[in-house]
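Peer 1: sequence plus the predicted model coming up.
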Amino acid sequence: MKKVSLLTASLIALGLVSQASADQVVYLTGSTAFRSTVFNALSAPSSANGVWDATPTAYLINGSAAAKCNFMLFHGNISGTPTYINCAWSGSDAGMASVANVTINNDGAPLFGAPETWLDVTKVTTVALASAYQGTAAPTSAILESSSRQGDLAFADTSVASALPAIVTANAANPLVQFPTTGGAPVGVVAFTWAKNNNNGSGASAAQTAWSDLHNISTFQAQALFGSGSLTADFFTGVAADNGTSVYLIGRNKGSGTRANVLNDSTYGLNTPVVQFNIGGGLTTSPSGALVLSINGAAHNPAGTAVTDPGISQDDGYESGGNVANALKVAGSTAQQDPFTHASGWIAIGYLSASDASGIGGGTTGNWLTENGVAESDGAIESGEYSFWGYENLYGRANVVGTYAETVGNVIYNSIEAQIVNNGSNPANNDVAININFMNASKATDFSFPTHN
């Protein structure tokens with residue numbers, strides 16, 4: 001009897017593994033700026049404009065909240081077909097590179113996520129969506145596939161026309177497929193903003209006063225900042241007394257659609273190197289305590305002593321907008337010695353999606369900067385008054401048509417359109433995604449300024 005029970009248990013176990021491997025698996029990657037919008041569609045049943053026949057199970061890991069996780073694995077039925085949607089969010093260009101199956105040189109090292117390494121559906125145990133969030137830690141090798149693979153689908157904050165050169169070349173030979181496959185079109189508009197780091201807005205120090213004076217960045221100021229990485233605060237504020245405080249740029253790596261949009265928006269040059277810093281001595285995390293500014297292979301503590309940090313290069317940056325938000329969240333720089341100039345206090349500013357900027361903590365009036373004197377809002381984007389936004393596209397690998405991934409891609413596209421049907425209806429809002437039907441302005445190309453329709 002015991003032997004029969006053990007044999008039965010073994011067969012059941014083998015059956016479970018077989019079931020997991022027999023289910024359809026679709027690999028989805030791309031934009032971290034649009035990630036929370038996609039999450040809303042992937043976590044809901046079709047009755048709530050979601051993707052699934054019923055609420056799916058999910059495994060969500062490596063993020064400050066469920067909707068901001070870098071790895072997401074959903075499981076359920078789509079029109080009766082058992083399906084895993086396996087998500088790894090590494091940025092728009094990294095996502096397009098993964099779907100195009102090309103590697104990207106990121107200052108002498110391969111760009112993270114191009115191609116992507118995904119969660120292994122046979123190793124990850126899915127749990128109820130309500131308790132799926134696993135925290136900020138990255139997935140271990142025990143639940144990742146053993147090697148990278150080509151993606152099926154990728155969300156991108158730009159079109160493939162303004163992707164990195166290796167992607168453009170690959171696309172020319174084997175064009176990516178834009179969804180919906182009945183006639184490709186953007187799924188919506190994705191909004192971005194500039195923001196400064198999270199200080200308390202009070203105090204008598206010169207650096208704190210400079211922080212309080214800093215409200216706007218113009219196109220020509222952005223161009224100068226990208227080229228130098230740091231400028232004195234008076235260049236932005238017009239207040240002579242602010243010239244003793246430095247403003248440092250932090251931002252995204254080459255895999256980012258946010259980075260592509262800001263370089264296009266500022267006309268700085270999509271593939272022109274930028275000088276960027278990071279807060280915390282590492283590109284993926286920020287400390288809760290003392291600040292450290294790092295650049296070009298060396299981290300500098302407040303005493304000005306160089307600390308070895310070989311993972312950082314001058315043209316590199318954070319892998320997700322959530323990491324930029326976490327860095328800007330760390331307060332106290334105006335009360336800290338500048339590690340480069342040794343002045344009392346410094347300021348950091350960065351560029352990120354409206355979704356990620358909402359997590360800094362200071363709010364749209366406390367931390368967000370206006371651009372050319374215009375604050376980010378749905379109404380300002382829709383009228384063409386505010387230019388820092390992009391079209392969100394869903395791309396599939398060149399041979400996706402006729403596959404199950406094409407079916408899923410069209411379902412996801414239609415679900416998101418339904419999810420954001422009312423986004424943009426209130427001009428005062430700062431929606432992450434805006435329904436194109438509310439747009440009274442358009443961009444002829446990714447490199448164009450908006451014009452009123």
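Peer 2: Sure thing, it's come through. Note that this is a predicted model, so its numbers are computed, not measured.

Peer 1: quick one, what contacts Ala210?
Peer 2: Each residue near Ala210 by C-beta atoms under 8 Å, 6 or more residues apart in numbering is listed here: Ala233, Asp234, Thr237, Val239, Ala241, Asp242, Gly244, Thr245, Thr334, Gly345, Ile347. Placement of C-beta: from N, CA and C, glycine included.

Peer 1: how about the secondary structure of the nearest residue to Trp52 once chain neighbours are set aside?
Peer 2: Closest residue in space to Trp52, ignoring its immediate chain neighbours: Gly76 at 4.0 Å, by C-beta to C-beta, 6 or more residues apart in numbering. Using DSSP: H, G, I helix; E, B strand; the rest coil, the structure places Gly76 in strand.

Peer 1: quickly list what Gly76 is bridged to.
Peer 2: In this structure, Gly76 bridges to Thr83 when assessed by DSSP bridges.

Peer 1: quick one: pLDDT of Ile12?
Peer 2: pLDDT for Ile12: 35.

Peer 1: before we move on, back to that, looking at the contacts of Ala210, state which has the most neighbours.
Peer 2: Neighbour tally across the contacts of Ala210 (other C-beta atoms under 10 Å): the maximum, 28 neighbours, falls on Thr245.

Peer 1: got the contact list for that residue?
Peer 2: Ala206, Ala207, Ala210, Trp211, Thr232, Ala233, Thr334, Asp338, Ala343, Gly345, Trp346, Ile347.

Peer 1: closest to Cys87 out of those residues?
Peer 2: Nearest to Cys87 out of the contacts of Thr245 is Ile347 (C-beta to C-beta; 34.8 Å).

Peer 1: what about the residue nearest to that closest one when sequence neighbours are not counted, which helix or strand?
Peer 2: Nearest non-adjacent residue to Ile347, counting by C-beta to C-beta, 6+ apart: Val247, 4.8 Å away. Element membership for Val247 (DSSP states H and E) is strand 246-250.

Peer 1: what packs against that strand?
Peer 2: helix 219-228, strand 230-232, helix 321-329, strand 346-353 (3 or more C-beta pairs under 8 Å, 6 or more residues apart in numbering; DSSP states H and E).

Peer 1: picking that back up, now do the residue nearest to Trp52: how many residues are near it, please.
Peer 2: 23.

Peer 1: got the helices and strands packed on strand 246-250 as TSV, with distance to Phe39 columns?
Peer 2: Below are those laid out as TSV (distance: least, C-beta to C-beta, whole Å):
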stretch	distance to Phe39
helix 219-228	30
strand 230-232	35
helix 321-329	12
strand 346-353	13
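
Peer 1: return the most buried member of those.
Peer 2: strand 346-353 (a mean of 28; mean count of other C-beta atoms under 10 Å).

Peer 1: please save the CA atoms from that one in PDB.
Peer 2: Output of strand 346-353 as PDB, limited to C-alpha atoms (Å, rounded to 0.1, in the frame of the first residue of the first chain):
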ATOM      1  CA  TRP A 346      24.000  69.700  -3.300                       C
ATOM      2  CA  ILE A 347      20.900  68.900  -5.400                       C
ATOM      3  CA  ALA A 348      20.000  66.100  -7.700                       C
ATOM      4  CA  ILE A 349      17.400  66.100 -10.600                       C
ATOM      5  CA  GLY A 350      16.300  63.300 -12.800                       C
ATOM      6  CA  TYR A 351      13.800  62.300 -15.600                       C
ATOM      7  CA  LEU A 352      11.200  59.600 -15.100                       C
ATOM      8  CA  SER A 353       7.600  58.600 -16.000                       C
END
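
Peer 1: which secondary structure elements does it contact?
Peer 2: strand 188-196, helix 206-213, strand 246-250, helix 257-265, helix 321-329.

Peer 1: looking at these, which is nearest to Ala65?
Peer 2: helix 321-329 (8.7 Å).

Peer 1: just to revisit the earlier point, which one of the contacts of Ala210 sits closest to Val168?
Peer 2: So of the contacts of Ala210, ranked by how close each gets to Val168 (C-beta to C-beta), first place is Ile347, at 36.0 Å.

Peer 1: hmm, the closest one is touching Gly244, no?
Peer 2: No - using C-beta atoms under 8 Å, Ile347 is not in contact with Gly244; the gap is 11.5 Å.

Peer 1: residue contacts, Val262?
Peer 2: Counted by C-beta under 8 Å, 6+ apart, Val262 has contacts Phe192, Ala222, Gly251, Tyr351, Phe388.

Peer 1: contacts only, for Leu394.
Peer 2: Leu153, Ala154, Phe155, Ala156, Gln178, Phe179, Val187, Gly409, Ile412, Tyr413.
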